[in-house]
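K.L.:
task: produce atomic coordinates for the following.
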Amino acid sequence: MKEMWVGEKVRLRGVEPEDWEGFRALEQHTVDVRNAALVEPPRSDEQFRSWTAERARRPPGGEAFRLVIETIADRAFAGSVTVGETDARAGRFKTGIEVLRNHRGRGYSTEATKLILTYMFAEQRYNKCEVEVYAFNDASLALYRKLGFVEEGRLRQHEFFAGVYHDVIVMGLTAQEHWTTHEHPSVR
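P.N.:
Next comes the predicted model:
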């Protein structure tokens, strides 16, 4: 690994105030929003500018953080990856990812998630990553399975939206499982 935050296709970087248009684009399609979160009423451009500027001022790292996924080829905003619900005592954290429609299917989600996992396991000493995925979100389920995550349970009728209740799949990956298929970062 040449640089912890840089892969072959993407780099992860802090949020900048000018990223507001990218974050607005992530909320353009109701179906996409439902795959990652709950649908809320539309926000104004000013609200996106304010929200993004506030995140740009936050210090890096901590118990919860968000990074921008930027393409190497053209330095375009492709999406974001988050870390949250950290439990340092138990050694667990959760992650999530959102990628713009026009950047999907190019391996960006896979690479960005690998970068976050390497950071959290190799630098922050966490032992396990957990994700929660809606049972209908086939793309995210395939992504996490490809990365070695194991289904640990199903929360039945756990979330309500689009007029019905939906199951949530809980998946996990331990540091040991991660290192069986990935190199530790170089110290040189």
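K.L.:
can you name every helix or strand that the worst-scoring helix or strand of the chain on mean pLDDT contacts?
P.N.:
In the chain, no helix or strand scores lower on mean pLDDT, DSSP states H and E than helix 30-36, which sits at a mean of 73. Judged by 3 or more Cβ pairs under 8 Å, 6 or more residues apart in numbering; DSSP states H and E, the packing partners of helix 30-36 are strand 92-99. Bear in mind the C-beta positions are built from the backbone N, C-alpha and C, glycine included.
K.L.:
run through who's touching the strand it packs on.
P.N.:
26, 32, 36, 69, 78-87, 108-109, 112-113, 116-117, 120, 124, 126-132, 140, 143 (Cβ atoms under 8 Å, 6 or more residues apart in numbering).
K.L.:
export only the CA atoms of it, formatted as CSV.
P.N.:
Coordinates of each C-alpha in strand 92-99 appear next as CSV, following Å, rounded to 0.1, in the frame of the first residue of the first chain:
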residue,chain,number,x,y,z
ARG,A,92,-16.4,-2.6,17.3
PHE,A,93,-17.3,0.0,14.7
LYS,A,94,-19.9,0.4,11.9
THR,A,95,-19.3,1.7,8.5
GLY,A,96,-21.5,2.8,5.6
ILE,A,97,-21.0,4.0,2.0
GLU,A,98,-22.9,6.0,-0.6
VAL,A,99,-21.8,6.3,-4.2
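K.L.:
quick revisit: of the contacts of strand 92-99, just the buried ones, ChimeraX syntax please.
P.N.:
To isolate the buried ones among the contacts of strand 92-99 in ChimeraX, judged by 16 or more other Cβ atoms under 10 Å, type:
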select :26,32,36,69,78,79,80,81,82,83,86,108,109,112,113,116,117,120,126,128,129,130,131,132,140,143
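K.L.:
now, which of the contacts of strand 92-99 lie within strands?
P.N.:
Among the contacts of strand 92-99, the members falling in strands (DSSP state E) are 69, 78-87, 128-132.
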